[in-house]
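Undergrad: Quick check, what structure comes out for this input:
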Amino acid sequence: MSRIGNKPITVPSDVTVKIEGLKVTVTGPKGTLEKEFDKNISIELDGNVIKVTRSNDEKQNRSLHGLTRTLINNMIIGVTQMYSKELQINGVGYRVAKQGNNLNLTLGYSHPVIFEAPAGITFDVPNPNTIIVKGIDKELVGQTAAEVRKQRPPEVYRGKGIKYADEVIRRKEGKTGK
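TA: As a prediction, this is how the structure comes out:
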């Protein structure tokens, strides 16, 4: 019995949802998202409530039931509020600057790293050590933040690198700690 999959999704008044076969299109004040779902999951729009049901109780369909409901809910939240992830840069001389839609990262390499923003993603740089990744697609925001972090992941001895704002780096002591 899926607890998440059985919950109905209420659609806000400023959002329109269009269901055409397997494809769901959500349009709101921030933009439009569309996604295609599995054929064994049925999605019905009744007024301003979306119900997600599955055809049978096979393991694959049970796992897709809650996932489909959550993805549709994330689409509705994305087109109304937007998603954001904050990254922090730690290290002497490490900094970021915004060049148009791209990021110019100085991360201790012999050259600056230019990171291009994918379509649908915007970067905010409130100070030289903070990056805020914003967008309406939750998956794309998380993926872009992970790719920016991959340019210089945090290291455990000095804590230098790019980390998420809520991430805690477990520090190691090193050779002199014995």
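
Undergrad: can you map out the helices along this protein?
TA: 59-81, 138-150 (DSSP state H).

Undergrad: average pLDDT for stretch 49-64?
TA: Across stretch 49-64, pLDDT averages out at 91.

Undergrad: ends of that stretch, how far apart?
TA: One end of stretch 49-64 sits 19 Å from the other (C-alpha to C-alpha, to the nearest Å).

Undergrad: Go through the helices of the chain and name the closest to K98.
TA: Nearest to K98 among the helices of the chain is helix 138-150 (12.5 Å), distances taken as C-beta to C-beta. (C-beta placed from N, C-alpha, C; glycine too.)

Undergrad: the inter-axis angle of the closest one versus helix 59-81?
TA: Computed by axes from the mean of the first three to the mean of the last three C-alpha atoms, to 10 degrees, the angle separating helix 138-150 from helix 59-81 equals 80 degrees.

Undergrad: Which secondary structure elements does helix 138-150 sit against?
TA: Using 3 or more C-beta pairs under 8 Å, 6 or more residues apart in numbering; DSSP states H and E, the elements in contact with helix 138-150 are helix 59-81, strand 83-90, strand 121-124, strand 130-135, strand 161-164.

Undergrad: contacts for the first one?
TA: If I follow you right, that is helix 59-81. 2-5, 7, 9, 11-12, 14-15, 17, 24, 26-33, 35, 37-38, 40-41, 43, 50, 52-55, 83, 135-138 (C-beta atoms under 8 Å, 6 or more residues apart in numbering).
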